[in-house]
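# my questions concern the predicted model and sequence given below.
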Amino acid sequence: MSKVLVSDPIDQAGIDILSQVAQVDVKTNLSPEELVSIIPEYDAMMIRSGTRVTKEIIEVGKQLKIIGRAGVGVDNVDVPAATRQGIVVVNSPEGNTIAAAEHALAMMLSLSRHIPEANQSVKNSQWDRKRFIGAEVYKKTIGIVGLGKIGSHVATVVRSMGMKLLAYDPFISLERADQLGCRLVDMDLLLRESDYVTLHIPKTPETTHLINAEALATMKPTARIINCSRGGVIDEAALSEALKTGKIAGAALDVFESEPLGESPLRELGKEVILTPHLGASTAEAQVNVAIDVAEQIRDVLLGLPARSAVNIPGLSSNVLEQLKPYMRLAETLGNLVSQLAGGRIEQLNVRLQGELATNNSQPLVVASLKGLLSQALRERVNYVNASIEAKERGIRVIETRDASVQDYSGGSLLLSAKGSLGEHSVTGALLSDGEIHITSIDEFPINVPPSHHMLFTLHRDMPGIIGKIGSLLGSFNVNIASMQVGRKIVRGDAVMVLSIDDPLPEGILTEITKVPGIRDAYTVTL
Ligand SMILES: NC(=O)c1ccc[n+]([C@@H]2O[C@H](COP(=O)([O-])OP(=O)(O)OC[C@H]3O[C@@H](n4cnc5c(N)ncnc54)[C@H](O)[C@@H]3O)[C@@H](O)[C@H]2O)c1
Ligand SMILES: O=C(O)[C@H](O)COP(=O)(O)O
């Protein structure tokens with residue numbers, strides 16, 4: 001039975017789903033050393049932001065097939081290291097959107113009306129109404145940085161509260177911003193004009209310290225900033241200084257450069273600062289959503305099914321993946337076959353989607369072709385997650401083409417050609433109506449054979465007696481032929497012979513075959 005490690009608090013709904021297919025161990029607050037020592041026995045991990053899945057953990061997690069992040073941000077996972085090791089990383093892109101947006105809104109209003117301090121003063125038996133004069137958000141300008149899922153929900157709500165909306169997001173269209181009632185502007189203008197700035201961006205090299213001393217200096221002295229996205233997009237030292245010196249009026253932060261927040265000048269500040277311990281996703285509803293979403297994906301991957309929200313493999317809906325699966329099997333088989341025909345070091349793979357296939361998303365088929373191509377060299381180390389990276393690292397150039405006009409097989413066909421240090425070979429394949437894979441050409445010679453475990457291919461001169469000679473030779477080595485087919489373009493020209501054989505070819509026989517007059521080349525293939 002598979003084993004899943006749950007290393008952060010996860011809603012029981014997720015644990016129940018995982019328990020259907022795996023032994024689930026919930027072990028929270030593990031030190032990095034403890035994680036390294038226990039991870040080798042696990043097939044999957046389920047985490048939130050509390051567990052840092054480092055390269056070291058991934059490298060010793062030899063059994064890991066999937067890391068599930070019950071939430072959005074995967075910046076606590078070394079995704080490139082996971083990808084290299086063929087581990088799927090999944091998240092729950094939408095499960096906590098509303099929770100995070102509502103937390104940002106709560107922060108904005110709390111900051112404007114000094115709710116935390118006012119609450120504390122009443123609890124301390126005071127009744128000080130003057131100290132807590134607030135500000136209204138109505139008719140004020142809010143600058144939304146990052147108009148994705150959370151930013152969009154914030155936009156929808158603040159618009160109905162009568163705020164004026166500015167947005168900065170270089171990856172969002174004018175039409176989308178328009179729909180949400182936002183004026184799309186550059187960052188500088190957003191900072192200058194906003195009374196409230198709310199951040200809803202991922203932490204990337206471009207967004208790290210996006211809000212630094214320089215940015216803060218351009219803001220209004222009455223402006224307030226809210227960060228419920230990721231720590232590190234604000235330079236906390238610069239922010240503390242800007243608050244202390246009155247360069248801006250307030251800040252509400254849910255996320256920090258280092259979590260849990262340690263010693264920090266932010267803690268020393270008064271009612272102009274609100275700090276929460278990364279609570280954006282902490283609602284009962286969001287925790288059920290993300291736990292179910294991610295647990296279902298872990299369960300599916302452990303059962304050999306595709307994940308719907310993988311961050312490091314082609315993002316396709318499970319419906320589309322289900323339809324493409326037989327073609328991915330075809331691509332993988334052809335990739336494996338063409339790599340064995342080409343031999344040597346492959347430098348280029350051409351993937352041509354023909355007929356109906358030409359209208360499909362090619363990415364999964366390219367990945368599957370590469371997985372097949374590399375399977376001889378890498379065996380089980382290569383999978384759909386790391387095939388592209390492994391190919392790139394080996395300097396294999398991939399060229400994709402499409403030709404919808406080829407109408408050879410219903411459903412379309414796939415042509416792979418591999419160019420390498422020993423020459424170039426091509427194979428075409430298609431699926432028959434019963435879903436069976438057929439190889440339909442080798443080096444442009446038409447054939448029609450299903451792949452079998454052991455195969456022998458020859459390139460020879462089309463002349464009388466040659467088939468008999470190969471048959472007798474194989475017989476003399478006690479090799480049983482299961483089927484045989486010849487493909488040629490012209491009579492007495494060149495031809496290919498494809499034999500399915502019951503056993504691997506004994507040592508030395510290939511050299512004997514190439515000595516038969518008329519045989520130009522011979523290849524054995526194991527699929
Ligand atoms: N505090 C919490 O508990 C909590 C909860 C959920 C999500 N989050 C975080 O909130 C952030 C937003 O989440 P989301 O679900 O809306 O993500 P999303 O991917 O839907 O949206 C992010 C948006 O940021 C934009 N963006 C990327 N780089 C940018 C840049 N350099 N400048 C401006 N915009 C840029 C993208 O185009 C996208 O529209 C993420 O960092 C996520 O991890 C935090
Ligand atoms: O990226 C996220 O989903 C949020 O930061 C939530 O993190 P959490 O799951 O640790 O609450």
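Arrived safely, thanks for sending. Ligands and ions are numbered 1, 2, ... in the order given.
# tell me which residues of stretch 508-523 come out buried.
Neighbour counts over stretch 508-523 (16 or more other CB atoms under 10 Å) mark Ile509, Leu510, Glu512, Ile513, Val516, Ile519, Asp521, Ala522, Tyr523 as buried. In short, each C-beta sits where N, CA and C put it, glycine included.
# could you look up the SS state of the last one?
Right, Tyr523. Classification of Tyr523 using DSSP: H, G, I helix; E, B strand; the rest coil returns strand.
# isn't it right up against Gln340?
Yes: contact between Tyr523 and Gln340 holds when scored by CB atoms under 8 Å: they sit 6.7 Å apart.
# what's the local residue count around the residue of the stretch 251-400 of the chain found nearest ligand 2?
Residue of the stretch 251-400 of the chain nearest ligand 2, by CB to the nearest ligand atom: Ala281 (3.5 Å). Residues lying near Ala281 (other CB atoms under 10 Å) number 25.
# could you check the pLDDT of Ser81?
Just so we're on the same page, residue 81 is Ala rather than Ser. Looking at Ala81, its pLDDT reads 92.
# quick one: the closest residue to ligand 1 within the stretch 401-527 of the chain from Glu424, how far?
Nearest residue of the stretch 401-527 of the chain to ligand 1 (CB to the nearest ligand atom) works out as Arg402 at 29.1 Å. Separation of Arg402 from Glu424 (CB to CB, to the nearest Å) stands at 20 Å.
# same thing with Glu347?
Counting by CB to CB, the separation of Glu347 from Glu424 is 10 Å.
# same check, this time on Leu109
Note on Leu109: its distance to Glu424, by CB to CB, is 67 Å.
# right, and ligand 1 sits closest to which residue of the stretch 101-250 of the chain?
For the stretch 101-250 of the chain and ligand 1, the shortest gap (CB to the nearest ligand atom) falls at Gly148, measuring 1.8 Å.
# does that residue touch His200 like I think?
Yes: counting by CB under 8 Å, His200 is a contact partner of Gly148 at 6.3 Å.
# settle it for me: which of the two has more neighbours?
A count of neighbours by other CB under 10 Å puts His200 above the other of Gly148 and His200, at 28 against 18.
# where does the stretch 251-400 of the chain have low pLDDT?
314-321 (pLDDT under 70).
# in it, which spans are strands?
In the stretch 251-400 of the chain, the strands defined using DSSP state E, counting those that start in this stretch lie at 273-275, 346-354, 397-403.
# give the contact list for the residue of the stretch 251-400 of the chain closest to ligand 2.
By CB atoms under 8 Å, 6 or more residues apart in numbering, Ala281 lies in contact with Arg48, Gly71, Val72, Gly95, Asn96, Ala99, Ala100, Gln287, Val290.
# name the helices or strands packed onto the longest helix anywhere in the chain?
Counting residues, the longest helix in the chain under DSSP state H turns out to be helix 318-342. Applying 3 or more CB pairs under 8 Å, 6 or more residues apart in numbering; DSSP states H and E, one finds that helix 318-342 contacts strand 346-354, helix 363-378, strand 413-420, strand 423-431, strand 437-442, strand 519-526.
# touching, His209 and Gly232? I think so.
Yes: taking CB under 8 Å as the definition, His209 is a contact partner of Gly232 at 7.2 Å.
# ok, those two, which is more surrounded?
Neighbour tally, His209 and Gly232, criterion other CB under 10 Å: the higher count belongs to Gly232, 19 against 16.
# just say helix, strand or coil for the more buried one.
Applying three-state DSSP: Gly232 is coil.
# tell me how far it lies from Thr204.
Here Gly232 is placed at a distance of 10 Å from Thr204 (CB to CB).
# same deal with Arg308?
Remark: distance between Arg308 and Thr204 (CB to CB) = 24 Å.
# is ligand 1 within reach of stretch 267-281?
Yes: under the criterion of CB under 6 Å from any ligand atom, ligand 1 is reached by stretch 267-281 at His278, Gly280, Ala281.
# how about JSON lines for the helices and strands packed on helix 318-342, with distance to Val154 added?
Shown next, in JSON lines, are those (distance: least, CB to CB, whole Å):
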{"stretch": "strand 346-354", "distance to Val154": "41"}
{"stretch": "helix 363-378", "distance to Val154": "32"}
{"stretch": "strand 413-420", "distance to Val154": "45"}
{"stretch": "strand 423-431", "distance to Val154": "47"}
{"stretch": "strand 437-442", "distance to Val154": "50"}
{"stretch": "strand 519-526", "distance to Val154": "57"}
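# any chance of these in JSON lines, with distance to ligand 2 too?
Formatted as JSON lines, those follow (distance: least, CB to the nearest ligand atom, whole Å):
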{"stretch": "strand 346-354", "distance to ligand 2": "35"}
{"stretch": "helix 363-378", "distance to ligand 2": "26"}
{"stretch": "strand 413-420", "distance to ligand 2": "39"}
{"stretch": "strand 423-431", "distance to ligand 2": "40"}
{"stretch": "strand 437-442", "distance to ligand 2": "41"}
{"stretch": "strand 519-526", "distance to ligand 2": "45"}
